[in-house]
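Undergrad: I'll drop the sequence and a predicted model, then ask my questions.
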Amino acid sequence: MLAGSEGIGGIYFDDPKIAQFIGVAALNFILFSGGLDTSWESVKPVLWHGVSLSTLGVFLTALTAGLFVFYITDFTIFEALLLGSIVSSTDAAAVFSILRSRSLALKHNLRPMLELESGSNDPMAYVLTIAFTGLAISPDANIAGVIPIFLQQMILGATLGFASGKVSKYIINNIKLETLGLYPVLVIGLMYFTFSITEAIEGNGFLAIYIQAVYLGNQELIHKKSIIKYFDGFAWLMQIVLFLTLGLLIYPSEIVPVIGIGLAISAFMILVARPVSVFISLLFFRLRAKSRWYVSWVGLRGAVPIVFATYPLLAGVDKAGVIFNIVFFISLTSVIIQGTSLPVIARWLKVAMPEKLKPKTELEVMMNDELKSELFEIEIPEQAPVVGKRIVDVNFPVSINITMIRRGGKYLTPSGTTTIQAHDRMSVLVRSKYDFEVMNKMLESNGAA
């Protein structure tokens, strides 16, 4: 905003279409990176909690916020519900970045639930935004038409996301690229292809790439760690680009007149709309009251609602400019008030893990694993079922790390594409005796080491 035309930078930017394009492109990276980093084992126990929050919860938030806006403003009912729809979903960029950058460890599977909700609730908000944009322009349209659109978006998005995940895994593990650095580029292509093809057949591209990423993140992939680290860094860059672009699109002079109404809606969203939607959505699940209150507090609004607010701008809705400025103010207050207080509220509600029970960082895990590991050398028997297979296709236990292969008089540094040959002598770091026994059985050896 300071760099914009009304700030000290003086950069003029007033093109919602370009801002929307940049926003959608950036959100692809942010959602995909979040999906890659999502463990299916941690998500599985809270899958239906997340689904309920990302569908029923979003709908109830849009409805309650919309009715409040209609009551306190001169908006038509459809304009009010459009504003409620735009701010109805929690923001994946904000949730992922705040929870992970602060290493916030939570009890009762709250963190995977919150990340699942934020990664999968954009489709519902998107469908409601598009539907009420149309109704705001043409109030006589059939409101029941929203239901088949929503079902189509969700079904096609989920189906194509899962299918593209399977296809992507096959392509990544079987294509032979010259350098390691090209594999992340390949995955970017697969990500954007999935989004584009899903949108082309009127499915939800955001849901498709999130499911694709969750699937890939829980499979054995060549250069998987490098791909995940690349996307993590790029997701941070995309957040910077996204907020910079949207900041340039904002005119501070237009924000001042909506501060009063923006504060009222923000307070209602934080204190009423979000808690009501969360408590109703989680009504049939066993979850402590303090956990429900914390989920209510993590109703972060960030860049996604601002991107969605560009749709009525481009469609020519009468109050689109006012809606855009109010949405920006709501997102700003949400990140400032809720985002900065997440650790404090977690401790206050006693849902934060004690320091000694927090999951260790990747570096700590690597250091501890190395201290606990033992180095063995195993010879591959001639008739072993793994002969002729690539390491990535064998699915050795996760605690086994193959550090080197001695083949004849040569020493090889293995990768996922390395084909195992008879009489190879593998140097392996072993952290678990049980996994070592499992590996020996897979090799049909007698434990010779």
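TA: Great, that's in hand.
Undergrad: quick one, strands of the protein?
TA: With DSSP state E applied, the chain shows strands at 374-379, 400-407, 410-412, 425-430, listed in chain order.
Undergrad: what pLDDT does Ile280 get?
TA: As predicted, Ile280 sits at a pLDDT of 94.
Undergrad: whoops, Ser432 was the one
TA: 66.
Undergrad: ok, now the one 10 residues further on?
TA: Among the per-residue scores, Met442 holds a pLDDT of 78.
Undergrad: can I assume it is in contact with Val386?
TA: Yes: counting by Cβ atoms under 8 Å, Met442 touches Val386, with 6.4 Å between them. C-beta coordinates here come from the backbone N, C-alpha and C atoms, glycine included.
Undergrad: pull the number of nearby residues for the closest residue to Phe436 other than its chain neighbours.
TA: Among residues not flanking Phe436 along the chain, Val430 sits closest, at 4.6 Å (Cβ to Cβ, 6 or more residues apart in numbering). Residues near Val430, counting by other Cβ atoms under 10 Å, number 21.
Undergrad: shaky segments in the stretch 251-400 of the chain?
TA: Scanning the stretch 251-400 of the chain for pLDDT under 70 picks out the ranges 353-373, 398-399.
Undergrad: tell me where it has helices.
TA: 252-255, 259-268, 274-281, 289-297, 303-308, 310-315, 320-334, 340-348, 362-372, 391-394 (DSSP state H, counting those that start in this stretch).
Undergrad: quick one: closest of those to Ala19.
TA: helix 310-315 (5.9 Å; Cβ to Cβ).
Undergrad: Glu437 is in contact with the residue nearest to Phe436, correct?
TA: No: using Cβ under 8 Å as the test, Val430 is too far from Glu437 to be in contact (9.9 Å).
Undergrad: distance of the nearest residue to Asp424 once chain neighbours are set aside relative to Asp140?
TA: In this structure, Asp424 finds its nearest non-sequential neighbour in Ile380, 4.6 Å apart by Cβ to Cβ, 6+ apart. If you measure Ile380 against Asp140 using Cβ to Cβ, to the nearest Å, the figure is 73 Å.
Undergrad: which one's more surrounded, these two?
TA: When neighbours are counted by other Cβ under 10 Å, Ile380 and Asp140 differ, and Ile380 comes out ahead with 20 against 5.
Undergrad: would you report the backbone torsion angles of that one?
TA: Phi and psi for Ile380, reported as degrees, to the nearest 10, are phi -80, psi 120.
Undergrad: dump the residue contacts of it.
TA: 386-387, 420-426, 443, 445 (Cβ atoms under 8 Å, 6 or more residues apart in numbering).
Undergrad: return the member of those residues nearest to Ser88.
TA: Val386 (50.8 Å).
Undergrad: the closest one - how many residues pack around it?
TA: Count around Val386 with other Cβ under 10 Å applied: 21.
Undergrad: thinking again about what came up before, nearest to Lys107, of the helices of the stretch 251-400 of the chain?
TA: Of all those, helix 289-297 comes closest under Cβ to Cβ, at 7.6 Å.
Undergrad: what count of nearby residues applies to Arg390?
TA: 17.
Undergrad: pull out the buried positions in the longest helix belonging to the chain.
TA: Using DSSP state H to define each element, the chain has its longest helix at helix 146-174. Under the neighbour-count criterion of 16 or more other Cβ atoms under 10 Å, helix 146-174 has 146, 150, 153-154, 156-158, 160-161, 164-165, 168-169, 172-173 buried.
Undergrad: check which helices and strands it sits against.
TA: helix 122-137, helix 182-200, helix 205-217 (3 or more Cβ pairs under 8 Å, 6 or more residues apart in numbering; DSSP states H and E).
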